[in-house]
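> One predicted model, sequence on top.
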Amino acid sequence: MTGGANPSSDVLKELENILDSDPFIDEVGFIHPSQFSELVKEVGSSLKDGLMESEGSEANTSDSVFWSRDHKLGISTTALLPLYRAAKHAFMEAIRQYQVLSESRGERDDSQDGNASRCTSTSISILETDIMKHSRVLLLLSCDFGTAWNFRKVVVSKIQQLHLYMDELSLSALVLSYSPKSERAWNHRRWVIKMIAGMCPNLQETVERESEFVEKLAEKSKMNYRAWNHRSWLVSYMSGEQVLSELNKSQDWAGLHVADNSCFHYRVRLLLKILAGFDKLDAGASSATSLRELWKKELNWVEMLIKRYVGREALWLHRRFLSLSWIKNFTTQVHSNSCSSCPNNMMNVEVFMDNELQLCHSCCTIPDNDFEDYQAQATFSATYIMWLVRQAAGSLPIELQKKLQENELKTVVKNVCPDKSFLWDTFNASI
Amino acid sequence: MGELAVDKHVKFILTVEKDKDSFESIVMEHIRLNGAYWGLTTLDILGKLNAVDQDEVISWMMQCQHESGGFGGNIGHDPHVLYTLSAIQVLALFDKIDVLDVDKVSNYIAGLQNEDGSFSGDMWGEIDTRFSYIAICSLALLKHLDKINVERAVNYIVSCKNLDGGFGCTPGAESHAGQIFCCVGALAITGSLHHVDKDLLGWWLCERQVKSGGLNGRPEKLPDVCYSWWVLSSLIMIDRVHWIDKEKLIRFILDSQDKENGGISDRPGDAVDIFHTYFGVAGLSLLEYRGLKAIDPAYALPVDVVNKILIGR
């Protein structure tokens, strides 16, 4: 279609062949020519399956353009522009012809001309193969080229075969391996999963695989909004059991990545799903207790992290969420029965708030050597307690509100973070 | 503190537009219409829109339009609301919205509203509050908000509000300053800001200012000039802009300029691009930096352009 005489279309064909011959390529890198020759030398020409040997006279040029081994693909940066141009030209030409033919087939179907229709079908399926080949290269070079993703959707949704959808997940994964923020690649993934859900309603396995995929990717691409949003999107497809298991599984990761707010938000999403499910069930006392224990465990865990990792904003924000929901869902204001005034009963809102104030005070002390982290810790703890009291005001008894107002909290805020003391006014107005 | 290098930035924008030979510029060709909006709005704020040939821009842009009424990011690319809004905004800058078949464009956008009030970005169905903003902003500029169910659109946006007062891209998604701008902007345009707890959201937004004076878009992230627009415009719309240190933010933006070759980067010392140049200049305009045209925080267009459309000058 693009004419064999054009050298850049030969490079395109070569790359398409490499991709066809190894469907398991899971990493692509763009390599500077100087590093490229190093790489080729290092591996040595004896590795036949490693170096992509091109046919005939182009051997020299292509050896310095592509490198592939162990399912990793390297493309020399010198080839990027001509490759992109060739792929785009071939792709645009293929979709143009495809649209013309699809329209004319529509017309011919009406006229019932059997032979012509068969002939068009063959041409259409050849064009579909071309579209898939060219768009793949195009997307490897320009990951947010939406039209290329779209035409892949057109083709695979026409054929409707599970393995083709799986291939789309692989291509999206390949693109995300080096462009982890590619919006279109993430969108494509969700579209594919929705299509798979339409074919096989039991999505548990897919959901699990996707969740692991995000976790692995998040390791390399910190605080990636789109990645975590994808994982969060999966929650709506999860069973109750899966939600709990995700909560368990993501805990270790979160503990090792205490600055990754997105991971803590993911936990918020899971916890809220559990809470919502609980309300609906109107469950008995035992599950109420286990839900409370779950929340308490999370609160204790975050407190431990806050003390261990000084000055981490994400941890304090997670605590804002946990404490506010604790007060709203699990505490009581009345001193009535048995154990409510025990010093360890977090279900008594006064006891709980006392604990939080103590935590705040202990974090407001800045050592003499005045580390920046301790300054941050003091600011976060002071704004934490102000925020919590403001948001929970409706759920706190009047006496407690007064006590908090008279408390030295205001002085603490003014001393620790004078630039945030205007927040005191909004806080004060609300209680 | 250095000054805003107006002439250098104008020159940078005009050069970027002409660069069609580097791989870096070519792989952005699918979003060229967004680039046109960023570049041209910056020029207008700087008072230099006459440096471009508007007939040439409009004639290219109209070739990006599809039968459906939607615009692609460039000629031959599929339509999406992301580029449709840019096209409307660019035409607004030139006071040329009348070249559009307004009914057709607004039908395209209105056709993407879903049952629950949300909007898809195109026929493939991805949903995002950014698309809600785009639909509402576009239809307001085209004076066709009556073509959608505004109440449902607002309810969907409100359903994306989090306990921290911020908004995410879908219900339950993490708060993000860019998404907050979209949600607050859409609520402002539809007169629905009463759904926002202004102190709570203002609290989250003002905590985005870091030591250097720059703003980040989410907790624990590095500051980035583009949030000078997203955080700042949101704070203005909810009347809490006095909660951040404006002087420090101005200094952060000015420090992110390339004073030799023009352009603004995400933060001091990094490579410049047209996206951050726009957001830096637009941010300075919101901060009432001298010599700049005022920009509207909801429509993301110069105030005089918006007034001309909405109140007929």
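Everything's here; your move. Numbers count the residues shown, from 1 in each chain, chains lettered A, B, ... in the order given.

> any low-confidence regions in the chain?
You didn't pick a chain, so chain A it is. Scanning chain A for pLDDT under 70 picks out A:1-5, A:43-63, A:108-113, A:279-285, A:333-344, A:369-370, A:406-408, A:427, A:429-431.

> hmm, I had chain B in mind actually
B:1, B:313.

> All the strands of it, in order from the start?
B:264-265, B:272-273 (DSSP state E).

> Mind listing residues that contact the first one?
For strand B:264-265, the surrounding residues in contact (Cβ atoms under 8 Å, 6 or more residues apart in numbering or on different chains) are B:9, B:225, B:253, B:256-258, B:271-273, B:276-277, B:279-281. To be clear about C-beta, it is placed using only N, CA and C from the backbone, and glycine gets the same treatment.

> Those residues: which two are farthest apart?
B:Ala271 and B:Val281 (17.2 Å; Cβ to Cβ).

> quick one: which of these two has more around it?
Neighbour count, other Cβ atoms under 10 Å in any protein chain shown: between B:Ala271 and B:Val281, B:Val281 has more, with 30 against 10.

> so who does the more buried one touch?
Contacts of B:Val281 (Cβ under 8 Å, 6+ apart): B:4, B:9, B:42, B:45-46, B:264, B:292.

> among those residues, which ones are buried?
Neighbour-count burial (16 or more other Cβ atoms under 10 Å in any protein chain shown) is assigned, among the contacts of B:Val281, to B:4, B:9, B:42, B:45-46, B:264, B:292.

> What residues sit buried inside stretch A:242-254?
Residues of stretch A:242-254 classed as buried under the neighbour-count rule (16+ other Cβ under 10 Å) are A:242-243, A:246-247, A:250, A:254.

> Next, count neighbours for the residue lying closest to B:Ala92 once chain neighbours are set aside.
With Cβ to Cβ, 6 or more residues apart in numbering or on different chains as the criterion, B:Ala92 has its nearest non-adjacent residue at 5.4 Å, and that residue is B:Val305. A count of neighbours around B:Val305, defined by other Cβ under 10 Å, yields 22.

> pretty sure B:Val305 contacts B:Val90?
No - look at B:Val305 against B:Val90 with Cβ atoms under 8 Å: they stay out of range, at 10.6 Å.

> Around chain B, which positions in the stretch 151-300 of chain A sit nearby?
Contact residues, the stretch 151-300 of chain A versus chain B (Cβ under 8 Å from any Cβ of the partner chain): A:153, A:187, A:190-191, A:194, A:223, A:225, A:228-229, A:232-233, A:235, A:259-262, A:265, A:268-269, A:272.

> Narrow the residues you listed to just the buried residues.
Using 16+ other Cβ under 10 Å as the threshold, A:153, A:187, A:190-191, A:223, A:225, A:228-229, A:232-233, A:235, A:259-262, A:265, A:268-269, A:272 are the buried ones among these.

> if you look at the residues you listed, which of them are in strands?
Among those, none falls in strands (DSSP E).

> So which of the residues you listed sit within helices?
If you go by DSSP state H, these have A:153, A:187, A:190-191, A:225, A:228-229, A:232-233, A:261-262, A:265, A:268-269, A:272 in helices.

> hang on, the earlier thing: how about JSON lines for the buried ones among the contacts of B:Val281, with distance to B:Thr84 added?
Output for the buried ones among the contacts of B:Val281, formatted as JSON lines (distance: Cβ to Cβ, whole Å):
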{"residue": "B:Leu4", "distance to B:Thr84": "31"}
{"residue": "B:His9", "distance to B:Thr84": "27"}
{"residue": "B:Thr42", "distance to B:Thr84": "20"}
{"residue": "B:Ile45", "distance to B:Thr84": "22"}
{"residue": "B:Leu46", "distance to B:Thr84": "26"}
{"residue": "B:Ile264", "distance to B:Thr84": "26"}
{"residue": "B:Leu292", "distance to B:Thr84": "27"}
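
> Many thanks, I have nothing further to ask.
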